[in-house]
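1. my questions concern the predicted model and sequence given below.
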2 protein chains.
Amino acid sequence: MATTGKQLFTTLESDGTLTVAIEEVSFPDPTGNQVLVKMEAAPINPSDLAILTSAADLENADYSTGKFVANMPEPFNSGARARHGQKLPAGNEGAGTVVATGDSDMAKALMGQRVACVPGSAYSQYCIADAAMCLPLGDVSAEDGASAFVNPMTALGFVENAKMDGQKAIIHTAAASNLGQMLIKICQEDDMELVNIVRKAEHVDMLKGLGAKHVVNSSDPDFMKQLREAIDATNAFYGFDPIGGGQAVDTVFKAMEQVAVGKMSEYSRYGSNQQKRMYIYGRLDLGPTILTPSYGFGWTLSGWLLTPFLASAGMETVGRMRQRVLSNITTTFASSYKRKVNLEEMLTNDAVMDYRQMKTGEKYLVTPWA
Amino acid sequence: MATTGKQLFTTLESDGTLTVAIEEVSFPDPTGNQVLVKMEAAPINPSDLAILTSAADLENADYSTGKFVANMPEPFNSGARARHGQKLPAGNEGAGTVVATGDSDMAKALMGQRVACVPGSAYSQYCIADAAMCLPLGDVSAEDGASAFVNPMTALGFVENAKMDGQKAIIHTAAASNLGQMLIKICQEDDMELVNIVRKAEHVDMLKGLGAKHVVNSSDPDFMKQLREAIDATNAFYGFDPIGGGQAVDTVFKAMEQVAVGKMSEYSRYGSNQQKRMYIYGRLDLGPTILTPSYGFGWTLSGWLLTPFLASAGMETVGRMRQRVLSNITTTFASSYKRKVNLEEMLTNDAVMDYRQMKTGEKYLVTPWA
């Protein structure tokens, strides 16, 4: 007996037409290690927007019930050539109840349980998920468990990665986010120094209220001085940036180098020997990354993604990270939401225009059965 | 008895005034492991220009005998804050004859020998050098040995670094340079695949004449297609770029990703899992490096400098590299020069305007006693 329900799909045509729409579909029976989850809650994360909205002209889009059609400008349309014509599901993560399972013992053990999962198709009333990636939530609600994967594992991943690289301090840009707040708590628990860069005075207060020691405001006239002092105090030559475009990373590299050069006894035309390391893990700014030639050659910049990091970290580390998330899901790893929407409400003009801004503290939660 | 002679110095004042001038100075007696070398030949490499000319307005400079005074525009003047007011020597490398030594056995063994050295003050009639870094040239002439360090060790360093990183292929931009030609020969000898990117049709012919298999011309209308085909044929997802500014690296990352995506069976919003790695080792273009968000998160870009690489490679590897250079100094590692100048000629308007362009195949050699 096939299970049917509503699911969101996003399709980009080669002419730049982006269609995001709810369809009534049949879900296959789970096989092997798969489970079928009745989805109760799924967050809209910045990483979801990459496929849901990207740089589409949403102001002039055509909105109807359960659907919008928008134009994707260049160079973003050409850049997304690989997905042209493909109807893709969306929604990295969510939580719900397992209503059917495949034959494997691992899958069968989850029958009837509430789980957090990472199906990549979470904006849906049902989805097929891998039992190995499901986190049984026990008496934690689906709403509390909906964001148990992306942000918590990413924030924990930063600290794990820093430890693997022998670092004792981290710089984090756009640090007032849900993820940034988790990172503050993790760093406190793990004795990792943390320099938080934010853009608003109210965010300085908020993060200091969470116990953050080093919070610098990029809107302050003496921002560079604040940043240099925080780097000097913590020895943070290693960091993570979710902005991507513009000069956020460039500014951090500059401040790092200025601190390192200030400690040199002799001038070197090649800059300091201090290795400076930054990772871009998001694209809040879709513009190009600008790196000026003002910090020598002792720097490395990489993209950072959760899935390859987890693959390289190994099962034991990942298991330990998941257990830590589950044990602290309503404290360290709690997410908060501005608004709950069902699948149709999610595609209305006012909702789309609001969540695509990715404002700090204004995350949306999709509740497909509401 | 003090040795006296002419030496070049470069001074940048905080107001942006750059003075490059020849002075008559006294050289100290070498001590310990030092040797005093009577310098016979020193090349002008792009890495020397960083301190000699940088982005100074040389067109409107004031030239007199053995001296020029130019203005350093912003942001380059502020960016060089750390050297303001310091009178610096210049000239990374050169060759000459050891005329005095310190007390160490290593230093004394070099007495009277012709050596290549890396004093950082090679634009001078004499210089103090570290015996441990001197390469005895035997019957190789000073002119043939003058460039025995920077380009040969850098080109060898690329191949050593690629091998350490498990790579079997390299991409090299601005590949028609002296260094690029050495790299072609090294890669042939070491069975390393190499994709050469050049900007002119005549350079395609020149490199193919050296036996290069993959040479692509960025001026061709189908450049991206050529580059993708060369990457596909060699599996080169790893490379070195001396340009730095602009989109040279961005273009290579794009082509790498397009090749990798072409091999994927399923679309991923995060791009391919193929790790893409580029190193910037020079600044032929002093503008900012532009990285567009068009190749996912699986990439890493670093600065690359010879000295820290050699330090990390270890004495054994460095010794092997030096021996290889010496054994092949007039073949694989031969440099050619457009023009020889003495110290005064080096600072004339026409010479400065010519070598600061860093044109392929137009390197200058300074012969301080001519």
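-> Happy to help now that I have it.
2. residues near the residue lying closest to residue A:134 once chain neighbours are set aside, how many?
-> Nearest residue to residue A:134, sequence neighbours excluded (Cβ to Cβ, 6 or more residues apart in numbering or on different chains): residue A:115, at 4.1 Å. Just so you know, the C-beta spots here come from the backbone N, C-alpha and C atoms, and that holds for glycine as well. The local packing of residue A:115 (other Cβ atoms under 10 Å in any protein chain shown) involves 23 other residues.
3. who does the helix or strand harbouring residue A:115 touch, helix- and strand-wise?
-> Element membership of residue A:115, judged by DSSP states H and E, is strand A:114-117. Judged by 3 or more Cβ pairs under 8 Å, 6 or more residues apart in numbering or on different chains; DSSP states H and E, strand A:114-117 is in contact with strand A:34-44, strand A:94-101, strand A:126-130, strand A:135-136, helix A:142-145.
4. so which of the ones you listed comes closest to chain B?
-> Closest to chain B of these, according to Cβ to the nearest Cβ: strand A:34-44, at 14.3 Å.
5. list the contacts of the nearest residue to residue A:28 once chain neighbours are set aside.
-> Nearest residue to residue A:28 in three dimensions, chain neighbours excluded: residue A:128, at 6.7 Å (Cβ to Cβ, 6+ apart). Contacts for residue A:128 (Cβ atoms under 8 Å, 6 or more residues apart in numbering or on different chains) come out as A:27, A:28, A:30, A:34, A:35, A:36, A:37, A:119, A:121.
6. can you pull the contacts of the third one?
-> Contact partners of residue A:30, counting by Cβ under 8 Å, 6+ apart, are A:36, A:100, A:101, A:102, A:107, A:128.
7. if you set the cut-off to 10 Å instead, what comes out?
-> Contacts of residue A:30 were listed using Cβ atoms under 10 Å, 6 or more residues apart in numbering or on different chains, and they are A:3, A:36-37, A:98-104, A:107, A:128-131.
8. and for the fourth one?
-> By Cβ under 10 Å, 6+ apart, the contact list for residue A:34 reads A:28, A:100, A:101, A:102, A:103, A:104, A:107, A:119, A:128, A:129, A:130, A:131.
9. ranking the contacts of residue A:128 by neighbours, who comes first?
-> residue A:37 (32 neighbours).
10. mind listing what that residue touches?
-> Contacts of residue A:37 (Cβ under 10 Å, 6+ apart): A:27, A:30, A:94-101, A:110, A:113-117, A:119, A:122, A:124-129, A:134, A:142.
11. can you give me the neighbour number for the closest residue to it other than its chain neighbours?
-> The shortest distance from residue A:37 to any non-neighbouring residue, by Cβ to Cβ, 6+ apart, is to residue A:96 (4.4 Å). Residues near residue A:96, counting by other Cβ under 10 Å, number 30.
12. the host helix or strand of residue A:47 near chain B anywhere?
-> Using DSSP H and E, residue A:47 maps to helix A:46-52. Yes: interface with chain B: helix A:46-52 contributes A:47, A:48, A:50, A:51, A:52 (Cβ under 10 Å from any Cβ of the partner chain).
13. how about the fourth one, nearest residue that isn't a chain neighbour?
-> If the residues on either side of it in the chain are set aside, residue A:51 comes closest to residue B:269, at 4.4 Å by Cβ to Cβ, 6+ apart.
14. that neighbour and residue A:90 touch, don't they?
-> Yes: applying Cβ atoms under 10 Å, one finds residue B:269 in contact with residue A:90, separated by 8.7 Å.
15. okay, stretch A:254-274 in PDB with CA atoms only?
-> The C-alpha trace of stretch A:254-274 is given here as PDB (Å, rounded to 0.1, in the frame of the first residue of the first chain):
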ATOM      1  CA  LYS A 254      44.900  41.300   7.500                       C
ATOM      2  CA  ALA A 255      44.400  41.600  11.300                       C
ATOM      3  CA  MET A 256      46.100  38.200  11.900                       C
ATOM      4  CA  GLU A 257      49.100  39.300   9.800                       C
ATOM      5  CA  GLN A 258      49.300  42.700  11.600                       C
ATOM      6  CA  VAL A 259      49.400  41.000  14.900                       C
ATOM      7  CA  ALA A 260      52.100  38.600  13.700                       C
ATOM      8  CA  VAL A 261      54.200  41.300  12.100                       C
ATOM      9  CA  GLY A 262      54.000  43.300  15.300                       C
ATOM     10  CA  LYS A 263      55.800  40.500  17.100                       C
ATOM     11  CA  MET A 264      58.600  40.300  14.500                       C
ATOM     12  CA  SER A 265      62.000  41.800  15.300                       C
ATOM     13  CA  GLU A 266      63.000  42.300  11.700                       C
ATOM     14  CA  TYR A 267      61.200  43.300   8.500                       C
ATOM     15  CA  SER A 268      60.500  40.600   5.900                       C
ATOM     16  CA  ARG A 269      59.400  41.400   2.400                       C
ATOM     17  CA  TYR A 270      57.400  38.100   2.500                       C
ATOM     18  CA  GLY A 271      55.400  38.900   5.600                       C
ATOM     19  CA  SER A 272      55.400  36.900   8.800                       C
ATOM     20  CA  ASN A 273      56.000  33.200   9.100                       C
ATOM     21  CA  GLN A 274      52.700  32.900  11.100                       C
END
